[in-house]
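# Sequence isn't available, so here's the structure alone:
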C-alpha cells in the first residue's frame, strides 16, 4: 500500500493546521513542507520555557539527553554536567531503562540527590511491550533514578507497525503504565520512536480507538527530516492540533549533519527549536557542549522563513534516501531489535 493511501485509511490527515497545499509526502519525492507560527516561550533568567502540550507544565526548551550522560568518561564528571545544566535552568531530564545498561539512569539518580530531584522534570522510557515486562522495568528505573515517581514515563522505540497493537493489547504495556500513573509513580505518559512517521500516526490512532490520549510524543526533528519520511510534515501538525507535548530528538541526526558539514550544531538546534517543540533533547557530554546549548537558548531567535529555506535548500540533496538518518533506514539504532528479549 502506498504511503499516501495508507495515511488516508487512518482518517487523521484532514484538517491538520498550518498545512501547505498538496498531499502528504510519498517515498518518491520530498515531503511538502508544513509551516508553523513562531513557537511561544517564556524567558526566566537565561533559560526559556515552553508548555508541554495540554498538561500546562513548563519545561526548558532544551533537554538534557540521557544516553550521552552514560558516555562521559567518569561518573563524577557526569554528575557535574547534569548539575551544571540544572543550575543553569535546564529542567527537562531525558533517560531510558536500557541506556548504557542502566548506567545512564544510575548516574542521573546520583546527580539528582541533595535537592536536585525537586528542580527537574524527570522522564525515562521502558521497552517492555507486555504488562509484566513493563512493570518490572518501571520499578528498576525508579530504583536507579533514586526516586519514587517520574514526571513522564514513555514507551520506548515504537518503531514497528504492530507495536501499537502489542502495547494496547490485553496484558500489554499500557496496563502497566496506567497502573503506574494511578499509583503516583508517573504523572504523564508518552511514547517515542525514530523509524517512520507512519508508525507514530498508527500509535496515535490505536490510542484514540482505546480512548487514550498521550501527553507527549518524542520524535526526530532535524533539517534532513524535513525532506524524508518527515515527522515534521506528517506527525507534528497532528500533535499541535491535539495539544500533545512535542519532544524533539536527534537534532543533529546522530551527529551526521555536522560531520558532513551540512550545518553547524547551533544551526541544527536553532532549526528544531524554531518548530513548535516543547523541548529539544540533545546530548551534552561535556561542559563545552552544554555551554553551547545554554548560549543558544539565552540568545534564541526563531529562524525566519528565509533562513529556514536557506538551510533546507542546502540539505535537500543530502536527505535523499535517508542515508544520513540511519535511525530511519537501518537497524543500527534499534536497541530493541538487537535485544528482543527486552520487549517481553
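Sure thing, it's come through. Computed from a prediction, not measured in an experiment: that's the story for all the values here.

# what helix or strand does the most centrally placed residue in the chain sit in?
Closest residue to the average C-alpha location of the chain: residue 218 at 2.8 Å, with CA atoms, centre = their mean. Assigned by DSSP states H and E, residue 218 belongs to strand 216-220.

# and that strand, which strands flank it?
Strand 216-220 sits in its sheet next to strand 186-192 (parallel), strand 245-249 (parallel), going by DSSP bridges.

# which residues are contacting that strand?
Applying CB atoms under 8 Å, 6 or more residues apart in numbering, the contact partners of strand 216-220 are 52-53, 55, 152, 154, 188-194, 197, 200, 204, 231, 235-236, 239, 244-250, 253, 278, 281, 325, 327-328. C-betas here are computed from N, CA, C, even on glycine.

# What's the first helix or strand after that strand?
Next along the chain after strand 216-220, taking DSSP H and E as the criterion, comes helix 231-234.

# name the helices or strands packed onto that following helix?
Applying 3 or more CB pairs under 8 Å, 6 or more residues apart in numbering; DSSP states H and E, we find helix 231-234 packed against helix 197-209.

# Spell out the secondary structure type for residue 43.
Classification of residue 43 by DSSP: H, G, I helix; E, B strand; the rest coil places it in strand.

# all numbers from here: first residue = 54
OK, 54 is where the count begins now, so the last one is residue 96.

# tally of neighbours for it?
13 (other CB atoms under 10 Å).

# how near is it to residue 113?
In this view, residue 96 and residue 113 are 11 Å apart by CB to CB, to the nearest Å.

# shared neighbours of the two, which are they?
residue 102.

# what residue ranges in the stretch 54-203 of the chain are flagged as low confidence?
54-84 (pLDDT under 70).

# Output the strands paired with strand 269-273 as a markdown table; include the columns mean neighbour count, distance to residue 165 and mean pLDDT.
Listed next are the strands paired with strand 269-273 as a markdown table, based on neighbours: other CB atoms under 10 Å; distance: least, CB to CB, whole Å; pLDDT from 0 to 100:
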| stretch | mean neighbour count | distance to residue 165 | mean pLDDT |
| --- | --- | --- | --- |
| strand 239-245 | 22 | 16 | 98 |
| strand 298-302 | 26 | 19 | 98 |
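
# tell me the mean pLDDT over the strand holding residue 271?
Strand 269-273 shows a mean pLDDT of 98.

# what's the answer for stretch 218-235, then?
The average pLDDT within stretch 218-235 is 98.

# So what touches it?
For stretch 218-235, contacts defined as CB under 8 Å, 6+ apart pick out 179, 181-188, 191, 206, 208, 211, 239-242, 244, 256, 259-260, 263, 265, 396-397.

# now do 6 Å
If you take CB atoms under 6 Å, 6 or more residues apart in numbering as the criterion, stretch 218-235 is touched by 181-182, 184, 187-188, 191, 206, 208, 239, 242, 259, 263.

# Repeat that for stretch 185-199.
150, 155, 158-159, 162, 177, 179, 181, 226, 229, 233, 397.

# now swap in stretch 335-349 and tell me
With CB under 6 Å, 6+ apart, stretch 335-349 has contacts from 115, 117-118, 121, 124-125, 134, 138, 141, 304, 319, 322.

# Average pLDDT for it, rounded please.
Mean predicted lDDT for stretch 335-349 stands at 96.

# In which helix or strand does residue 291 reside?
Going by DSSP H and E, residue 291 is part of helix 289-294.

# Report the buried residues of that helix.
Of all the residues in helix 289-294, those buried under the rule 16 or more other CB atoms under 10 Å are 289-293.

# quick one: stretch 361-376 to chain centroid distance?
Centroid separation for stretch 361-376 versus its chain: 21 Å, with CA atoms, centre = their mean, to the nearest Å.

# coming back round to it: distance to residue 340 for the contacts of stretch 218-235 - can I get that in a markdown table?
Below are those laid out as a markdown table (distance: CB to CB, whole Å):
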| residue | distance to residue 340 |
| --- | --- |
| 181 | 35 |
| 182 | 38 |
| 184 | 41 |
| 187 | 36 |
| 188 | 37 |
| 191 | 32 |
| 206 | 30 |
| 208 | 32 |
| 239 | 31 |
| 242 | 33 |
| 259 | 43 |
| 263 | 44 |
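
# Which one of the residues you listed is nearest to residue 277?
Closest approach between the contacts of stretch 218-235 and residue 277, by CB to CB: residue 208, at 24.9 Å.
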